[in-house]
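Asker: build me a model from this:
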Amino acid sequence: MELETTANASFVAFDGGVQQLSGEDTALILPFVLGAICAVGIGGNVLLLAVLTHNVKATGASDTAAMLVNLSATDLLLLALCAPARALTYRKRAWTLGPVACRMTEWLQHGCLAAKAFTLALLGRARHDLHSRVESDAHFKLKRTVMTAGAVWATALAFPVADIVFSNLHVKGNVSLCVSELPPHSSEFVRVYGKVLPLAAYAVPVLLAGVCHVRAIFKSLPRAREARAARRGEIALSLLSVTAANALALLPEWGAWAWARHGAREGCGPPAALLVLAEVCMYLASALSPAILLSTLVPLRESLTSACVRVAGRRAVSNAKKHRGSSASEVRADAFDRTLPDLEHFWSGRQNPTVPDNTDPFPWERLEQGSAEL
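Answerer: Below you'll find the predicted structure:
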């Protein structure tokens, strides 16, 4: 992973995925794994947005629903923009998306991660306020929610803006590498920046979200016999599990990022295996969050169940109508495409008024006549 950098600049890390990995298997396995995670995650987040829309139409908008929409949109951006760039980098073992994308890739990814952490913190605060003030969710204000979401994204994208400055594209022959390098005059800034960004964009918001959810759960325990309080406690527990899953999955990414910035001068950066594992865990968290929410969050699970039942009922009705239409217009034919008569009407219209005569002294004559007719 050694690389010639500009004058007196030291190599920090590869941006946009680890490049120049050895081994033929990595060029096949890693893009396949990231592609599968993207496919599952994008489908899950689109389904989550559809269920949230159905739930808002049925029960009304709330701060919790708005923050869940923002969380799902953040995961969609990570899976639709950041993960495919990494998969392509692992497949080509070099950077092929140009200098502008090289400067933007780390900034966009860390901005989305910061927005996710801030959204989790606001989601925890919204649930805590709901337990403190019973009617807080009834006074939903769209303008306030839109301004809050805008402030979250503006702050999240402003925090990692230094990644744009330190990212650079190196071209050696036919190989282009996107790297982050440390100029000599900015070593102190990078050292402080490497501590502040993980704390402000990851540790503090996630810790605040966890504390809010835990307090909400404990506030619902004294009134656990009430159905409404029990439902709110279940929702807080579900959101706490989502927060914990994201916190654990994002820990390797932020830890490796801080390690690379602090160990740049000493030349003891994180190993490539840790960097790859951190990226896989990060995208896996975005793919699994919809599954956790849809399976554990009671209102969303009920909305999904009702939507599935409604879709299944419509399909059953349409299939029944098609079956009736096809059976009414069905024409029977033999192997030579000759139309056969409707046997049902034939047998219903046929009558046999004669009664067989069992006293006939010569019954064999009737049998021979019947054989001739066959």
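Asker: list the buried ones in stretch 29-47?
Answerer: 30-31, 33-34, 37-38, 40-42, 44-45, 47 (16 or more other CB atoms under 10 Å). For the C-beta atoms, the positions are set from N, CA and C on the backbone; glycine is no exception.
Asker: got these as TSV, with secondary structure columns?
Answerer: TSV is the format used below for those (DSSP: H, G, I helix; E, B strand; the rest coil):
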residue	secondary structure
Leu30	helix
Pro31	helix
Val33	helix
Leu34	helix
Ile37	helix
Cys38	helix
Val40	helix
Gly41	helix
Ile42	helix
Gly44	helix
Asn45	helix
Leu47	helix
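Asker: helix or strand right after the strand ranked longest in the chain?
Answerer: Ranked by residue count, the top strand of the chain under DSSP state E comes out as strand 175-182. Beyond strand 175-182 in the direction of the C-terminus, DSSP states H and E gives the next helix or strand as helix 187-198.
Asker: ok, back up a step: in CSV: the buried residues of stretch 29-47, plus distance to His54 and pLDDT.
Answerer: Listed next are the buried residues of stretch 29-47 as CSV, based on distance: CB to CB, whole Å; pLDDT from 0 to 100:
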residue, distance to His54, pLDDT
Leu30, 36, 91
Pro31, 35, 92
Val33, 32, 94
Leu34, 30, 94
Ile37, 26, 95
Cys38, 25, 95
Val40, 21, 95
Gly41, 20, 95
Ile42, 19, 96
Gly44, 16, 94
Asn45, 15, 95
Leu47, 11, 94
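Asker: format those as JSON lines; extra columns: distance to Ala151.
Answerer: Converted to JSON lines, the buried residues of stretch 29-47 look like this (distance: CB to CB, whole Å):
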{"residue": "Leu30", "distance to Ala151": "36"}
{"residue": "Pro31", "distance to Ala151": "36"}
{"residue": "Val33", "distance to Ala151": "35"}
{"residue": "Leu34", "distance to Ala151": "31"}
{"residue": "Ile37", "distance to Ala151": "30"}
{"residue": "Cys38", "distance to Ala151": "29"}
{"residue": "Val40", "distance to Ala151": "31"}
{"residue": "Gly41", "distance to Ala151": "26"}
{"residue": "Ile42", "distance to Ala151": "27"}
{"residue": "Gly44", "distance to Ala151": "27"}
{"residue": "Asn45", "distance to Ala151": "23"}
{"residue": "Leu47", "distance to Ala151": "28"}
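Asker: and the longest strand of the chain, what's buried?
Answerer: For strand 175-182, by 16+ other CB under 10 Å, it's 176-182.
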